[in-house]
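Novice: have a look at this prediction, sequence included:
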Amino acid sequence: MDTVLPVEVLTVEPLTQAAFEPFGDVVEARGIPLVINQGRCYKYCDLTSVSTDRDGHSSVHIFKTSAIRQPCKLDLFERHPLGSQTFMPLEKQRFLVVVAESTQPEEDSDKPDLSTLRCFLTNGSQGVTYRAGVWHHPLLSLDTPSDFLVLDRGGPGRNCDEVPMPEGVRYTVEAVGL
Ligand SMILES: NC(=O)N[C@@H](O)C(=O)O
Ligand code: NI
C-alpha cells in the first residue's frame, strides 16, 4: 500500500506587481501607452528587461507546453543565476507562478526557503519575469496545451540550479477557484 504523504495545500493568490515585487516583474499592458504607427498602435513601454551576465546573450524561445493536471503536485525549484527569465503566453493562457525566497542569496549554497513559498495565478493577459537567481517552479500552464514566448539568457556556463521538493510532503496546488 502506498504511504499516504501529508499534503501541503498551497493557496493561490492573484498576480499583481506589488505582490510579485520581491521576485521580478509582471508583464502586462499597463500605464499610459505611446500612440505609434500613425495612430494604429499603442506601445506599452519598458514593462520588463532581460538581464544576462557579460558572457551571455539574450535569447528568445517558444515553449509548446502541455497543461498540468490538478491538483498540481510540485516537483522542484530551479534558479538561473546568470540571467532573468520571462514567460509570456501567446494564446491568453493562464499559468501558475510558484516562487520562493532565497536562504542565502547570491551564494552557491543558496536554496529555496519553502516557508516563503508563494503561488500566483495569472489572468491570461499577464506574463512574468523572474529576476536572475529567483527560485521558481518550471512552467505550470493551466487549462489546455499552449504556446509561450520565453526570453532568457543564452551562452556558456551553468545557468540552471535545481532543488527537488523535500521528501515526505506533497506540495499541491488545489483547483480552488482555478
Ligand atoms: N528549462 C527551461 O528552460 N525552463 C525552465 O527554466 C522553466 O522555468 O520553465
Ligand atoms: Ni526557469
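Specialist: Cool, the structure landed. Residues are numbered from 1 along each chain as shown. Ligands and ions are numbered 1, 2, ... in the order given.
Novice: report the beta-bridge partners for the residue nearest the centre of the chain.
Specialist: Closest to where the C-alpha atoms of the chain average out (C-alpha atoms, centre = their mean) is Val97, at 4.6 Å. On the basis of DSSP bridges, Val97 is bridged to Phe120.
Novice: what does this protein put close to ligand 1?
Specialist: With the criterion set to C-beta under 6 Å from any ligand atom, the chain comes near ligand 1 through Glu78, Gln85, His136, Pro138, Leu139. Using the backbone N, CA and C atoms, a C-beta is placed for each residue, glycine as well.
Novice: hang on, Asp25 packs against Gln126?
Specialist: No - using C-beta atoms under 8 Å, Asp25 is not in contact with Gln126; the gap is 10.2 Å.
Novice: compare the two (neighbour count), which wins?
Specialist: Taking other C-beta atoms under 10 Å, Asp25 and Gln126 do not tie; Gln126 has more neighbours (24 against 19).
Novice: show me what counts as buried in stretch 103-119.
Specialist: Within stretch 103-119, the residues scored as buried using 16 or more other C-beta atoms under 10 Å are Asp110, Pro112, Leu114, Leu117, Arg118, Cys119.
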